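Engineer: need a structure here:
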Amino acid sequence: MSEAEGIGRAAAVTPPPAGGAPGGPAGPPVPRGFSEVLEGQALTFSRHAQKRLKSRHLELSSEDLARVSQAADKARDKGSRESLFLLDRLGLIVNVERRVVLTAVDTSSEDRIFTNIDSTVVISRS
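Structural biologist: Purely as a prediction, here's the structure:
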């Protein structure tokens, strides 16, 4: 599958069970409250975004996810549809209407040009 085909597909981000899969090796411990944050916010990441986060070694904490979700709510209230969210050194392109993170980039590594967005949201630390 090409990258372009994966962009439109969204996959819900859910942490593994705390004890790992039944019969399988135990995974890393899940931070407390992480699944509650995701469940309440209904924010999903496309396969493309998941690949980008993994390949670029970018991580989002439960606090970061909550901040992105709150920013998506505010952007939606302002009429945004496709937004660039700037969170610390991370840039996320988000389809605000569907609440799907489409891609992720490390904004500190090199010059970046973002196209096909109608707004930019700078997410500050609370």
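
Engineer: hey, let's count contacts and neighbours off CA atoms from now on
Structural biologist: Fine.

Engineer: Next, count neighbours for E63.
Structural biologist: Using other C-alpha atoms under 10 Å, E63 has 14 neighbouring residues.

Engineer: gap between it and R98?
Structural biologist: E63 is 21 Å from R98, where distance means C-alpha to C-alpha, to the nearest Å.

Engineer: In the lengthiest helix in the chain, which residues are buried?
Structural biologist: The residue-count maximum for a helix in the chain (DSSP state H) belongs to helix 62-77. Across helix 62-77, burial judged by 16 or more other C-alpha atoms under 10 Å covers 62, 65-69, 71-73, 75-76.

Engineer: Which elements pack onto that helix?
Structural biologist: Judged by 3 or more C-alpha pairs under 8 Å, 6 or more residues apart in numbering; DSSP states H and E, helix 62-77 is in contact with helix 34-41, strand 82-87, strand 119-123.

Engineer: again, only using 7 Å
Structural biologist: The contact analysis (3 or more C-alpha pairs under 7 Å, 6 or more residues apart in numbering; DSSP states H and E) places helix 62-77 against helix 34-41.

Engineer: Looking at the helix it packs on now, give me its mean pLDDT.
Structural biologist: For helix 34-41, the mean pLDDT works out to 45.

Engineer: can you check stretch 58-75 too?
Structural biologist: Mean predicted confidence for stretch 58-75 is 93.

Engineer: Now it - C-alpha only, CSV.
Structural biologist: In CSV, the C-alpha atoms belonging to stretch 58-75 read as follows (Å, rounded to 0.1, in the frame of the first residue of the first chain):
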residue,chain,number,x,y,z
LEU,A,58,7.9,11.1,18.3
GLU,A,59,5.7,10.3,21.3
LEU,A,60,2.6,11.9,22.7
SER,A,61,1.8,11.7,26.4
SER,A,62,-1.8,11.4,27.7
GLU,A,63,-1.5,15.1,28.6
ASP,A,64,-0.4,15.9,25.0
LEU,A,65,-3.4,14.0,23.6
ALA,A,66,-5.7,15.9,25.9
ARG,A,67,-4.2,19.2,24.7
VAL,A,68,-4.6,18.2,21.1
SER,A,69,-8.2,17.1,21.6
GLN,A,70,-9.0,20.4,23.4
ALA,A,71,-7.4,22.3,20.5
ALA,A,72,-9.5,20.3,18.0
ASP,A,73,-12.6,21.3,19.9
LYS,A,74,-11.6,25.0,19.7
ALA,A,75,-10.6,24.8,16.1
